[in-house]
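Chemist: sequence plus the predicted model coming up.
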Amino acid sequence: MPNWGGGKKCGVCQKTVYFAEEVQCEGSSFHKSCFLCMVCKKNLDSTTVAVHGEEIYCKSCYGKKYGPKGYGYGQGAGTLSTDKGESLGIKHEEAPGHRPTTNPNASKFAQKIGGSERCPRCSQAVYAAEKVIGAGKSWHKSCFRCAKCGKGLESTTLADKDGEIYCKGCYAKNFGPKGFGFGQGAGALVHSE
């Protein structure tokens, strides 16, 4: 029979689809208003459509109808399911409630939770987000400075003495060798006449 109305026929309603309202999918044409999931009737687009023969589905309904069957399948990523698998013969056991430990020798980590490490400079608690380790102790980032000049330090630029940290320059001036030619920096000699 000749197609006197011209144009392609919609894969759902079988009426003529004109160019302005046409959506194409796997060689078939659809009206925009007919391009819906066969099950849930959600609007579809090129990223959400799944085709099975002549039928179109959203990916979720397609997975439920044609995807793998069994416990844990058919819901898609990021959705919650209350199905516990009883229909498949899976017996669900309730998890026991939380019980606090009765171990008197709690781990070193657990002991630090109650009383976290203290910064040697300000004596305040040091938490992981602000912790810098130097000279075998935990410091706040803002406290990790030379005790003499206040210069910010890094683990490679510090020297420690008696539990305090110094930049290498201040350490050399205050605790380094004394005498002629020392204390001025690299290779500097001072003559005082």
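Modeler: Noted; the coordinates are in hand. Numbers count the residues shown, from 1 in each chain.
Chemist: and residue 118, backbone torsions?
Modeler: Its backbone dihedrals place residue 118 at phi -110, psi 140, with angles given as degrees, to the nearest 10.
Chemist: sorry, wrong one. I was asking about residue 149.
Modeler: Here is the backbone geometry of residue 149 (degrees, to the nearest 10): phi -100, psi -10.
Chemist: where along this structure do the strands fall?
Modeler: With DSSP state E as the criterion, the chain has strands at 8-9, 16-17, 22-25, 28-31, 49-52, 55-58, 131-134, 137-140, 158-161, 164-167.
Chemist: can you redo these as a markdown table with mean neighbour count, mean pLDDT and distance to residue 39?
Modeler: All C-beta atoms are positioned from the backbone trio N, CA, C, and that covers glycine. Shown next, in a markdown table, are the strands of the chain (neighbours: other C-beta atoms under 10 Å; pLDDT from 0 to 100; distance: least, C-beta to C-beta, whole Å):
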| stretch | mean neighbour count | mean pLDDT | distance to residue 39 |
| --- | --- | --- | --- |
| strand 8-9 | 15 | 88 | 23 |
| strand 16-17 | 20 | 89 | 22 |
| strand 22-25 | 16 | 87 | 16 |
| strand 28-31 | 19 | 88 | 16 |
| strand 49-52 | 15 | 87 | 11 |
| strand 55-58 | 21 | 88 | 6 |
| strand 131-134 | 15 | 85 | 54 |
| strand 137-140 | 19 | 86 | 58 |
| strand 158-161 | 16 | 86 | 67 |
| strand 164-167 | 20 | 89 | 68 |
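Chemist: nearest to residue 68, of those strands?
Modeler: strand 49-52 (14.2 Å; C-beta to C-beta).
Chemist: direction included, what does that closest one pair up with?
Modeler: Applying DSSP bridges to the sheet, strand 49-52 is found paired with strand 55-58 (antiparallel).
Chemist: just put the strands of the chain in a markdown table and tack on distance to residue 148.
Modeler: Below are the strands of the chain laid out as a markdown table (distance: least, C-beta to C-beta, whole Å):
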| stretch | distance to residue 148 |
| --- | --- |
| strand 8-9 | 84 |
| strand 16-17 | 83 |
| strand 22-25 | 74 |
| strand 28-31 | 78 |
| strand 49-52 | 70 |
| strand 55-58 | 69 |
| strand 131-134 | 15 |
| strand 137-140 | 16 |
| strand 158-161 | 11 |
| strand 164-167 | 6 |
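Chemist: kind regards, and thank you for your time.
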